[in-house]
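Asks: attaching a predicted model along with its sequence, questions to come.
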Amino acid sequence: MVFTAAPEETFYPAQDRLVVAFQRWARQHRRTVDPFVVETLVEHRWDDGDGILCRWRPDELRNALLDWFPRKVSMPPGSWRTVVPTVHAFVDFLFAEDLADARCAEAEQLHAVLDGLVDDFDAAMGDQSRYDLAKFWAMRMLAADVDPTDSEAAGRYIAAVREGKIAIDQELLDQAVANHLNASGDAHLPPLPIVAVPDEGILAKSAAGSIALARIQRFVEWTGSGRTLTATGRLRLTDARELISLLDLADVVDPQIGEKVFKTKSSEELYETSVVFAWARAARVVRVAKGRLLPVKSAQKAVADPLSLAHRAFDGFFALGEAVCASGYSETMVRWRFDEVTFALLMAMYLAQDRVKRAELEETAVRVAEGAPLDSLESPHIDLWRDQYEHDVHSLLTHLALLAAITLTDGHAELTPLGTTLVAEHLRRQGADVPTMQDLLDETAEVVVAAAADAPAAVRDELLTGWCRRHPDTAAASLRALARRTDDRDHRKLAEAYARSARRTADSHLRALKEI
């Protein structure tokens, strides 16, 4: 009953089994129901909600019946009267079959809500201005006795509309298009995996070992009471020379190649120095005023605290495209879509919760930057582009590694605990629901087992062990009950294994109390 991050191949067979069980129960209790209503209701909860099918609250039912059904679900008007009674029956089914979880609203409360929205539901379903684009056309076809699922019949209907043989209310069509576009703009992130967030002591130690953060700290300290910049707003070469030594950078002023010396004309030519300068500004720890580089006084505490500085530096990193992907003979779109590419690569590692091949990250970067795979682009310079993309992604990942947000080993990249924490916090600020182990310790057995089943082994064990410790008196019984009722094999095995572990822990605890 919990499908928070379940793929289609897992959810849809389970949906079918649930609907069949509901129909069987309804026949036994002589309840007239429309299985399509429950099928679409639980799909909505999986696709647009949290995927917890055993937990319903009044606001979720109101949203489903007064917004989602009127906007998305195509039903002939004669079928509307079956919706609310079917949902009433579904509520009774959940409680009668012991499927409603401990955090589900009481059955009486849900029934009262359903009773109160019957008239509002009919009015909402009849309000054509609520329809999205797909429902607009489906309802027009149903009114014309055309089956929307019959592609040939639907094609003939659309062709007749285009030829002017069938009149369409243009105002309602425009509203449907607007509804569709508004809904598309509300796209939410996919369900995120649970993450283990270390305590602040461990994170602070990791941040203290960051090369990039140490450079930014020393850079701010070097700034002192202010440094004069060039007329173009760059570091002066004399200052750049000093910084190269102070920050232990690889830049060389006036490099010599063979017998020839190449005169450095601007600090802009010094790659690592330019990145540190740009990063400190993006992290809002230094600022430029009247041709001078000054420390930001309000950031002094953050600069002194590596963990606080890590959050500032991470947020600022998304703006470093022109510094990290320096201009040259050939530029890729990574330089100009750096924030999008960076986010995509970080999410690839965050969702994987494991090492990711750098070749896969390079392909992801290309798709985000170009909107298509590189091999599909027609260009006589395709090999040069490929090399340049590899170079830009390497530069991006290298600086994330200097931040201590990722590790780079054997052609792979992986988020560090600090990096995972930084990404999780970034997602939260964007309004995403980022589950952590701590959040799940007070959840029900089924929610915890469903989350643990898809987690890496170490995270799975830590989560379930911690949950059992949090609920020493009830964990074993709750897990055994879940093992009896679930039809998911992996969930059953996990519940049984940790029920035994929880029982042994409880027995040991009881013996210790008796000895006292």
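Replies: Yep, it's here.
Asks: residue contacts, residue 227?
Replies: For residue 227, the contact set (Cβ atoms under 8 Å, 6 or more residues apart in numbering) comprises 235-236, 239, 292-293. (Glycine included, C-beta is placed from N, CA and C.)
Asks: please redo it, this time with the cut-off set to 6 Å
Replies: 239, 293 (Cβ atoms under 6 Å, 6 or more residues apart in numbering).
Asks: where do the strands of the stretch 401-516 of the chain begin and end?
Replies: 406-409, 412-415 (DSSP state E, counting those that start in this stretch).
Asks: the ones you listed: which one's closest to residue 192?
Replies: Nearest of the strands of the stretch 401-516 of the chain to residue 192, taken as Cβ to Cβ: strand 412-415 at 13.1 Å.
Asks: and that closest one, what does it pack against?
Replies: strand 406-409 (3 or more Cβ pairs under 6 Å, 6 or more residues apart in numbering; DSSP states H and E).
Asks: run through who's touching the strand it packs on.
Replies: 400-401, 413-416, 419.
Asks: go again with 10 Å.
Replies: 345-346, 349, 355-356, 358, 394, 397-401, 412-416, 418-420 (Cβ atoms under 10 Å, 6 or more residues apart in numbering).
Asks: any low-confidence regions in the protein?
Replies: By pLDDT under 70, the weakly predicted segments of the chain are 179-191, 328-330, 372-383, 385, 505-516.
Asks: residue 6: neighbour count?
Replies: The local packing of residue 6 (other Cβ atoms under 10 Å) involves 18 other residues.
Asks: same thing with residue 463?
Replies: 24.
Asks: and if you look at residue 446?
Replies: Neighbours of residue 446 (other Cβ under 10 Å): 25.
Asks: that one against residue 485, yeah?
Replies: Yes - Residue 446 is within contact range of residue 485, at 8.8 Å (criterion: Cβ atoms under 10 Å).
Asks: okay, and the common contacts of those two?
Replies: Contacts common to residue 446 and residue 485, judged by Cβ under 10 Å, 6+ apart, are 1, 99, 495.
Asks: columns mean neighbour count and distance to residue 45 on top of the strands of the stretch 401-516 of the chain, output as JSON lines?
Replies: Putting the strands of the stretch 401-516 of the chain into JSON lines (neighbours: other Cβ atoms under 10 Å; distance: least, Cβ to Cβ, whole Å) gives the following:
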{"stretch": "strand 406-409", "mean neighbour count": "16", "distance to residue 45": "35"}
{"stretch": "strand 412-415", "mean neighbour count": "20", "distance to residue 45": "30"}
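Asks: would you format these as CSV with distance to residue 41 included?
Replies: Formatted as CSV, the strands of the stretch 401-516 of the chain follow (distance: least, Cβ to Cβ, whole Å):
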stretch, distance to residue 41
strand 406-409, 41
strand 412-415, 37
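Asks: from residue 61, how far off is the residue nearest to residue 68 when sequence neighbours are not counted?
Replies: Leaving aside its chain neighbours, residue 68 sits nearest to residue 44 (5.4 Å; criterion: Cβ to Cβ, 6 or more residues apart in numbering). Residue 44 sits 11 Å away from residue 61 when distances are taken as Cβ to Cβ, to the nearest Å.
Asks: between the two, who's got more neighbours?
Replies: residue 61 (20 against 17).
Asks: how about the more buried one, nearest residue that isn't a chain neighbour?
Replies: Among residues not flanking residue 61 along the chain, residue 113 sits closest, at 5.5 Å (Cβ to Cβ, 6+ apart).
Asks: looking at this, the one you found is in a strand?
Replies: No - assigned with DSSP: H, G, I helix; E, B strand; the rest coil, residue 113 falls outside any strand and is helix.
Asks: burial count for it?
Replies: Considering only other Cβ under 10 Å, residue 113 is surrounded by 20 other residues.
Asks: residue contacts, it?
Replies: 56-62, 65, 87, 91, 105.
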